[in-house]
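In: model the following, please.
(one chain, ligands or ions: 1)
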Amino acid sequence: MKIITARTKQKKYPVYINVDFNSFFPQIVNKEFRDSEKVILITNNKVFSIYEEKIKSALEKCLKLSEIIIIQDGEEYKNLESTDYIYSRLIDFNAHRNDVIVAFGGGVIGDLGGFAASTFNRGMKFIQCPTTIISQVDSSIGGKVGVNYRKVKNIIGSFYQPDAVIIDPVFNYTLDDEQIINGLGEIVKYGLVFDKSILDKLLKNATGDSKNKPGELIKAEDFKDIIYRCCKIKTKVVRKDEFDTGYRNLLNFGHTIGHCIENAFNLKEISHGKAVSIGMIIAIDISISLGFLKEDFKEKIIELYKMLGLPYKMPEIDAGKIIDVIKYDKKFKSTQNKFVLLKGMNKPLFYYNLDEDTIIDNIKKSMYN
Ligand SMILES: NC(=O)c1ccc[n+]([C@@H]2O[C@H](COP(=O)([O-])OP(=O)(O)OC[C@H]3O[C@@H](n4cnc5c(N)ncnc54)[C@H](O)[C@@H]3O)[C@@H](O)[C@H]2O)c1
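Out: Predicted coordinates for the structure are as follows:
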């Protein structure tokens, strides 16, 4: 097991990586959450159907009153209706501020459960147990919690750091290929922006036909270290800029356009991770068209994408539709837009006021035709 301490103004908390959830979770709850009378675990129906036994056995070992709240699976349930449902169950269960809420699932459950935890009783104790790659390397750390509203992603939310993050990489073994690919996209982001050695490790382990069998890659011993490195980067970035006012924006590499692609395809047809993968290629294309990068940089990254089975093109769509969504993106200030681009490997830069034509031209390059 490895432990990283996340230091934020709100809280200092441990991120436990490479643990065996079944034995470790009860141990931590009984030791570190002694004052909590109840443990309330929030998950979704899909994750519950896979891990019902594991969840129940871990909760039994916690020697506390426990409750399980089950939300429907899907990004479309990361909304105020689900939050309302969680609140009503917490009231039924007479949950107090000292009781602990556990988000057990992917980024959707983490964001939604965290948002409920941050607002109910003006803030409950909160543990993140991420069960997807994206949530393990990214969303469970850093305190961004929230829900979508009227088709706008994450538009309602808050910063609420968890009290602990517990990462068991074995949960990733039941992810389907699509979810693995989503997670790999997020990992490539860390490699491109912060730490090239992550890309080297991915490449090293991707030699065995990862494109067709991404499940093999994530079982490699190196993959545990990749998760650790990503968590390390995320905690460092959050420490420097907890409230996302500057430096933390670097994590938006590929995301500004990625979120908009996701929205333009109605949050359904293209998943978050795939949208981000394509968004990173568009950001690289923009970097090339502004003279920051050479074409061969993109070629090498496309090779890596192919090895990993990551998408670099999307179905044809009116690029203007994506631009329309960009204008509503909360990451865009009303007077100026801000993109994270690259001027080399691990050399990110912020670029302001990118003109619409450059964005549209480069979005078009990433469409099948
Ligand atoms: N808060 C942040 O900082 C932050 C950062 C990145 C992404 N996000 C959010 O995270 C979400 C995407 O995260 P995600 O990809 O984890 O989505 P997700 O939670 O929808 O999980 C993806 C799918 O995998 C299933 N699943 C979860 N764990 C599983 C397991 N162990 N085995 C099998 N199936 C499993 C889920 O039920 C779902 O169908 C988006 O809503 C995005 O906005 C938040």
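In: can you show me the strands along the protein?
Out: 2-7, 12-17, 38-44, 65-71, 100-105, 125-130, 144-149, 152-159, 164-167, 338-342, 348-352 (DSSP state E).
In: who wins for proximity to the ligand among the ones you listed?
Out: Closest to the ligand of these, according to C-beta to the nearest ligand atom: strand 144-149, at 3.7 Å. Where C-beta positions appear, they are placed from N, C-alpha and C, glycine not excepted.
In: for the closest one, enumerate the helices and strands it packs against.
Out: Counting contacts by 3 or more C-beta pairs under 8 Å, 6 or more residues apart in numbering; DSSP states H and E, strand 144-149 is packed against helix 80-92, helix 107-119, strand 152-159.
In: mean confidence score for the shortest one?
Out: Meaning strand 152-159. Mean per-residue pLDDT for strand 152-159: 92.
In: in CSV, could you pull the C-alpha coordinates for that strand?
Out: Provided in CSV are the C-alpha atoms of strand 152-159 (Å, rounded to 0.1, in the frame of the first residue of the first chain):
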residue,chain,number,x,y,z
VAL,A,152,-24.8,21.7,-18.6
LYS,A,153,-22.1,19.6,-17.0
ASN,A,154,-21.0,20.1,-13.4
ILE,A,155,-22.7,23.5,-13.4
ILE,A,156,-23.9,23.1,-9.8
GLY,A,157,-21.4,22.1,-7.2
SER,A,158,-18.9,23.0,-4.6
PHE,A,159,-15.4,22.3,-3.4
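In: ok, and the closest non-adjacent residue to residue 21?
Out: The spatially closest residue to residue 21, leaving aside those adjacent along the chain, is residue 168, at 4.0 Å (C-beta to C-beta, 6 or more residues apart in numbering).
In: let me see the contact set for that neighbour.
Out: Residues in contact with residue 168, defined by C-beta atoms under 8 Å, 6 or more residues apart in numbering, are 18-21, 24, 129, 131.
In: now residue 165
Out: 6, 13-16, 127-130, 140-141.
In: switch the cut-off to 7 Å
Out: Counting by C-beta atoms under 7 Å, 6 or more residues apart in numbering, residue 165 makes contact with 15-16, 128, 140-141.
In: now residue 220
Out: Per C-beta under 7 Å, 6+ apart, neighbours of residue 220: residue 205.
In: any idea how far the residue nearest to residue 21 is from residue 130?
Out: 9 Å (C-beta to C-beta, to the nearest Å).
In: what about residue 318, neighbour count?
Out: 11 (other C-beta atoms under 10 Å).
In: what does the pLDDT read for residue 332?
Out: 57.
In: do the same with residue 176
Out: Predicted confidence (pLDDT) for residue 176: 92.
In: got the phi/psi numbers for it?
Out: phi -80, psi 170 (degrees, to the nearest 10).
In: ok, now which ones touch the residue nearest the centre of the chain?
Out: When C-alpha atoms, centre = their mean is applied to the chain, the residue found nearest the centroid is residue 139 (3.7 Å). For residue 139, the contacting residues are 107, 110-111, 130, by C-beta under 7 Å, 6+ apart.
In: which of the contacts of residue 165 are close to the ligand?
Out: The subset of the contacts of residue 165 within reach of the ligand, by C-beta under 6 Å from any ligand atom, is empty.
In: with these in mind, which one is nearest to residue 42?
Out: Nearest to residue 42 among the contacts of residue 165: residue 128, at 10.7 Å, using C-beta to C-beta.
In: need the nearest residue in space to that closest one, chain neighbours excluded.
Out: residue 140 (3.9 Å).
In: pretty sure that neighbour is touching residue 130, no?
Out: Yes. With contact defined as C-beta atoms under 7 Å, residue 140 counts as touching residue 130 (4.0 Å).
In: which residues do these two both contact?
Out: Shared contacts of residue 140 and residue 130, counting by C-beta under 7 Å, 6+ apart, come down to residue 110.
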